[in-house]
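Colleague: Requesting a structural model of the entry that follows:
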Amino acid sequence: MRREYPMTWLPLESKMLFSVAYDADTRTLYLRFRSGDVYRYFHFSEDHYQQFLLAESKGRHFLSNIPNCFPYERMAKLQVAYQVNTALTVLTVRLRFWHTGLPMNGFSV
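Modeller: I've put the predicted structure just below:
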């Protein structure tokens, strides 16, 4: 059955992981890595999800408790994270030029 509502992705403070989403109906954990890869892990209970969210280090918790414990599948690589990060970098550079009052003089980002 196809989902009728969008999944909510939570940003993560992690060097390895970019964001997480969880579908309680199907007991599926979705992890988006900094590389853009998205994996989903099946038979993932809400208790396991809460333990993951409460872990001090999401990357360490992932490596110790998830890959070899749950069946998983790699989904299509998402470029959204890259596109958002690129757009934020461009905006930051332009704001810095604007803030300093210096002309961009052919400088483009």
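
Colleague: what are the ranges of the helices in this protein?
Modeller: In the chain, the helices defined using DSSP state H lie at 46-54, 58-65, 80-100.

Colleague: hey, least reliable of the ones you listed by pLDDT?
Modeller: Comparing the helices of the chain by mean pLDDT, the weakest confidence falls on helix 80-100, with a mean of 53.

Colleague: Run through the residues that contact residue 76.
Modeller: Contacts for residue 76 were tallied using C-beta atoms under 8 Å, 6 or more residues apart in numbering; they are residue 38. Glycine gets a C-beta too; all of them are placed from N, C-alpha and C.

Colleague: Relative to residue 37, how far out is it?
Modeller: Distance, residue 76 to residue 37, using C-beta to C-beta, to the nearest Å: 9 Å.

Colleague: Common neighbours of those two, please.
Modeller: Common neighbours of residue 76 and residue 37, counting by C-beta under 8 Å, 6+ apart, are absent.
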